[in-house]
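> with the sequence up front, the predicted model follows.
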There are 2 protein chains.
Amino acid sequence: MATSMVKLMLFSALILLSLQAVVSVTPLHFQHPLDPLTKQEISLVQTIVQNKYPSSSNRLSFHYIGLDEPEKDAILKWESIKPTVITVPRKALAIVIINSQTHEILIDLKARRIVSDNIHSGNGFPTLSVDEQVVAIELPLKYGPFIESVNKRGLNLSEVVCSTFTMGWFGETKDRRTVRVECFMKESSPNIWVRPISGLTMVVDLELMKIVQYHDGGIIPVPTADNTEYRFSHQNPPFGPRQHSLATHQPQGPGFQINGHSISWANWKFHIGFDPRAGIVISLASIYDLEKHKSRRVLYKGYISELFVPYQDPTDDFYYKTFFDAGEFGFGLSTVSLVPNRDCPSNAQFLDTYVHAADGTPLLIKNAICVFEQYGSIMWRHTETGIPNESFEETRTEVNLVVRTVVTVGNYDNIIDWEFKTSGSIKPSIALSGILEIKGVDIKHKSEIKSDQHGILVSANSIGVYHDHFYIYHLDLDIDGVANSFEKTSLKTVRVTDGSSKRKSYWTTEVETAKTENDAKIILGLSPGELSVVNPNKKTSVGNDVGYRLIPAIPAHPLLTDDDYPQIRGAFTNFNVWVTPYNRTEKWAGGLYVDHSHGDDTLAVWTKKNRDINNKDIVLWHVVGIHHVPAQEDFPIMPLLSTAFELRPTNFFERNPVLKTLSPPDVQWPGCPK
Amino acid sequence: MATSMVKLMLFSALILLSLQAVVSVTPLHFQHPLDPLTKQEISLVQTIVQNKYPSSSNRLSFHYIGLDEPEKDAILKWESIKPTVITVPRKALAIVIINSQTHEILIDLKARRIVSDNIHSGNGFPTLSVDEQVVAIELPLKYGPFIESVNKRGLNLSEVVCSTFTMGWFGETKDRRTVRVECFMKESSPNIWVRPISGLTMVVDLELMKIVQYHDGGIIPVPTADNTEYRFSHQNPPFGPRQHSLATHQPQGPGFQINGHSISWANWKFHIGFDPRAGIVISLASIYDLEKHKSRRVLYKGYISELFVPYQDPTDDFYYKTFFDAGEFGFGLSTVSLVPNRDCPSNAQFLDTYVHAADGTPLLIKNAICVFEQYGSIMWRHTETGIPNESFEETRTEVNLVVRTVVTVGNYDNIIDWEFKTSGSIKPSIALSGILEIKGVDIKHKSEIKSDQHGILVSANSIGVYHDHFYIYHLDLDIDGVANSFEKTSLKTVRVTDGSSKRKSYWTTEVETAKTENDAKIILGLSPGELSVVNPNKKTSVGNDVGYRLIPAIPAHPLLTDDDYPQIRGAFTNFNVWVTPYNRTEKWAGGLYVDHSHGDDTLAVWTKKNRDINNKDIVLWHVVGIHHVPAQEDFPIMPLLSTAFELRPTNFFERNPVLKTLSPPDVQWPGCPK
């Protein structure tokens, strides 16, 4: 073995070493005006609010502490200059329930003072705090009638664990901040979600923090723990299927750089924000145009604004289950720590973030976000055999960048990816895993089913209840600038009737620019076509409007009637695509206060104004959905079910933007001859 | 540096070395009754046919030499026993044009004799041979009127290159085997497809091998070569964007095994066949059920039966462009050699295959197929925080297996992937790359466009013409056995009118089993629901029919009128889903003889019999489509545009089949502390 080879291998080992370490970053100070609140800033909000409302004389709980979105023009100005000192005002919004009243407290973090303190008087309540839910789920265990129900069923109270469920709104005129509490058996298996104690109705008033309604509808068997365990440590052989280890080797190191919350990778630059309600927020995504020698704006801001999950069982146990997971439970608050080498591949880097407890204390979420490159198939290729005596092939390999978070709201895990391609596409995707919501029934075999059970018998005594998952993305596209328009390109059949062609028909396109919000309410799938956001003020050299188009996944449409209460609250699902003029306050498609909401602050209501959206700063909203008919494979824990869409440059570039991409060198494995 | 570490690294280097070598396999003898014809077998066919029809006294050309599909019951019997000697008859089908007559010659390869020799007398002609096209494209260069046209345009004849285009059928009653020939300029750039000499009509009779029709419609500028070059070696700086190298490291080696054409990987086993017309064929895919301790059948056979690409320009240059790429040009004949490290990642293994030349000589396609594992995100996960004093997370990483071929028909490259997941899903996907078909126009800027140009101005003088890509998959599913049914699950809104619930509505499911072919003709997207192939003779323990469901991509529907000739020929696109009873002869959805076909041998015609498909051996046909409105980004070579669907187990397993999957050990990079 030659010495040079030992050196080569040593060198290689060092590179590999640098790849292996889990890189996890928790910035102490904000470096960008869109950075999430730091630990210190959250503490500062806590202190300022507590100073005004001392807890000695007030009952207060923090339901939201987040960055108050800076004015967009201030951000764009700051970004174009990038001064060393951030002059954009830094404010926090705190939503605090103080003595049962909801306060919206705006705080200037530099001046360390309250700018405004308003009381919310409309319908709906803030996002629940984790802490109050922790208290609420203990109440049944000391509640006589519940204990009696448990005993009557021969269950062991010490093995009962309860959970809170938001109740929605069904036309009630008086609202109190209440939740339903359901309980489960944890004995023999930690898969509580598939072992409900069905038939009990229990309501907790969160302000009174007591059970205000209780009803035992009769005994329904709790499904057994058999085959519900999913922890590897508790499985018995045979194991399988067997997978071989697989890891990504990047001898030049990762192709991306993380600076605070700012990412640069290949031709992309963007910012990763984080909000206790929205979770991950992608901002200021721009792509470098090799021909124009400059970065061009694509996405000012993108995040999931709401997730509506209506269950389809009208009976007492389930009718109310029409969850708004982002607004009721907080996608940010429900973001989980990612497991290195499992939730993200071994070449991933991680970002930590802070959220807050109900008392305002900052809470660290370690490894909340991961960023990694992955092999992405072929970028483009062609084999040319049509030229006599000359044949060749050209192929470029594609490497993509993925930003990932996982939001676990109770039973379900939502894997939220934002994938960036050097060819200019952004592919947001959603994948579902976790545990089905199960209804206990006195049925062990399908042949015993006599009436609609509102779901699939996925295991003995276990109905996986029908439901939908409707995610709505807020996509504030700024295609090459702020003023944009929304274009609908329809594909229309033309009949040839004049004998001018041997063809009897062909299709062509008709382009229509949406003038107002009503023009931009789209139900996908009814007619063929393309939807684009264009900049009518910028043209390519041959005169096309520069734009990005939406390539949707197969769409899902709501199946509830328009007059049904959950559908009024989730009316943002009425269309798959909406476009609104940018409005700093229109962030939450289901409303700011969505717990017990009446549907009076939704995207469907805002757009009734039918505002002008032509050549304006506009926001595209896209609803991505899955109708979920459960299957036995989803039990006891479900393999990923995913859906994705693509924002793809369409006449944005003069030509293929990766035409002159540098092929990365082939990986030379140490010790291998070239 | 400790000695043990040097050893560790040496060991590691050896493993890496074994990964790096390009593994490429060309089996000499067939080992499986579905193996493609070997080199020797193709030669044998050539010899046998030439013995009967000596070329001294006959003009003959081979248009197809492939395996004559063995009887399905013989294959299934063989597979269940796996005797050491293959007793399944081994036959070849040769389609040979002999003295301008199309012969279907069936040959017993073991007996080395012709079993039958029939003359095709119906409409349509066989797949073109590459060799005759090579001759045809030289004809214009010696054809006076064409030379005159070239001179008139001031073009250099020595830089002209021509190509053949199938002509379709437009109601003519007399058919001859003709093609259109179009020519292009290759000077300054090899991107001939974007530099057409437009306005010329030229027809070649392939039997006479001469130009039988010529018309010069007037001078239209040939688009310049500017910005059309795509070879890296001919690009000028600036280059970019820059990607870092990325390779897959598998310290245990690949998780799959290739034995001849049989693949075993994790819980899957399947066979990779290859046909000169269909290209890659996946057969006998079955998955090991850990609970039942046996392999269970899923897919008897899957391949792309046809690809219909109708262009949408009714003018003389383009009206006839309504290609059937599989039947007219042969997906197998057009399969290209994959470039290691570019078309497939560095951990791929390759299979070679043989096709045939027009004289019957075997032709090797090196690296025709690649097989590799890739990181596939998360398999399933859950973070449990709902149990007081106990929180944990379980995540399984997903590794998938991909089988890839690339079919390049003239300008377009079709990347054809079959992805297998351990969770039981099969995800076939199609991605398009290559070069747009361009029409030259006398327009440099959109503002000059006065009438419908039937496409998008993607560069000066260059219209990217509107068109569709409709792929139809033949999916002979055998879900846990041969007798299957097709189930339509509809999602229906139910109104609550009796006050029994606070809800006003919910949805439920209605399941209908298709009795006959007409029940199974589905236009996707009209109503919500799920489509499954089930085995009504097998139930899960709780009584559900075992099945697989189709999760489609966003569907594309044809936009031509039903009475238009191309649509009559491509009538298999009228529905997105069809189901037929298995019939050994119904392989090609557009007909066996699709060149100049009249549409009298299509899936649409076969299904008019409205045969029984309930609890029978059935075949699912799925049309996957893209309406292609070109964009400047597609020029001069297009980044991948892809679509995919999923066949997903649905009550096939008793529960999540990867519940007890073994997590592969984390990769320990050499020299790193644990």
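Thanks, I have it. Numbering: from 1, shown residues only, chains lettered A, B, ... in the order given.
> residues touching the spatially most central residue of chain A, list them.
For chain A, the residue sitting closest to the mean C-alpha position, by CA atoms, centre = their mean, is residue A:304 at 4.5 Å. Residue A:304 is in contact with A:278, A:279, A:326, A:331, A:416, A:430, A:471, A:472, A:473, A:474, counting by CB atoms under 8 Å, 6 or more residues apart in numbering or on different chains. For every residue, glycine as well, the C-beta is placed using N, CA and C.
> excluding its backbone neighbours, what's nearest the second one?
The shortest distance from residue A:279 to any non-neighbouring residue, by CB to CB, 6 or more residues apart in numbering or on different chains, is to residue A:331 (3.5 Å).
> thought that neighbour was touching residue A:325?
Yes: checked against CB atoms under 8 Å, the pair residue A:331 and residue A:325 is within contact range at 6.9 Å.
> quick one: which of these two has more around it?
Counting neighbours by other CB atoms under 10 Å in any protein chain shown for residue A:331 and for residue A:325 shows that residue A:331 has the greater number, 27 against 24.
> on that earlier part again, so what sits against both of residue A:331 and residue A:325?
Counting by CB under 8 Å, 6+ apart, the common neighbours of residue A:331 and residue A:325 are A:307, A:407, A:409, A:414.
> surely the third one touches residue A:329?
Yes: counting by CB under 8 Å, residue A:329 is a contact partner of residue A:409 at 4.9 Å.
> between these two, point out the one with more neighbours.
Using other CB under 10 Å, the more surrounded residue of residue A:409 and residue A:329 is residue A:329, with 25 against 19.
> show me the contacts for the more buried one.
Contacts of residue A:329 (CB under 8 Å, 6+ apart): A:127, A:128, A:166, A:323, A:409, A:410.
> list the ones among these that fall in strands.
Applying DSSP state E to the contacts of residue A:329, the entries found in strands are A:166, A:323, A:409.
> which residues touch the first one?
Taking CB under 8 Å, 6+ apart, we find residue A:166 in contact with A:128, A:179, A:180, A:323, A:324, A:328, A:329, A:595, A:596.
> which parts of chain A belong to which domain?
As recorded under automatic domain parsing, the domains making up chain A are A:31-119, A:130-230, A:260-383+A:394-650.
> can you tell me who the residue nearest to the centre of chain A pairs with across the strands?
Residues in a beta bridge with residue A:304, per DSSP bridges, are residue A:473.
> gap between it and residue A:567?
As judged by CB to CB, to the nearest Å, residue A:304 and residue A:567 stand 20 Å apart.
> residue A:177 now?
Between residue A:177 and residue A:567 the computed distance is 23 Å (CB to CB).
> give me the phi and psi for the residue nearest to residue A:279.
Note on residue A:331: backbone dihedrals following degrees, to the nearest 10 are phi -70, psi -30.
> one more: the one 10 residues further on?
Dihedral angles phi and psi of residue A:341 (degrees, to the nearest 10) take the values phi 70, psi 0.
> do residue A:609 as well
phi -70, psi -20.
> likewise for the one 10 residues further on?
With angles defined as degrees, to the nearest 10, residue A:619 shows backbone torsions of phi -120, psi 130.
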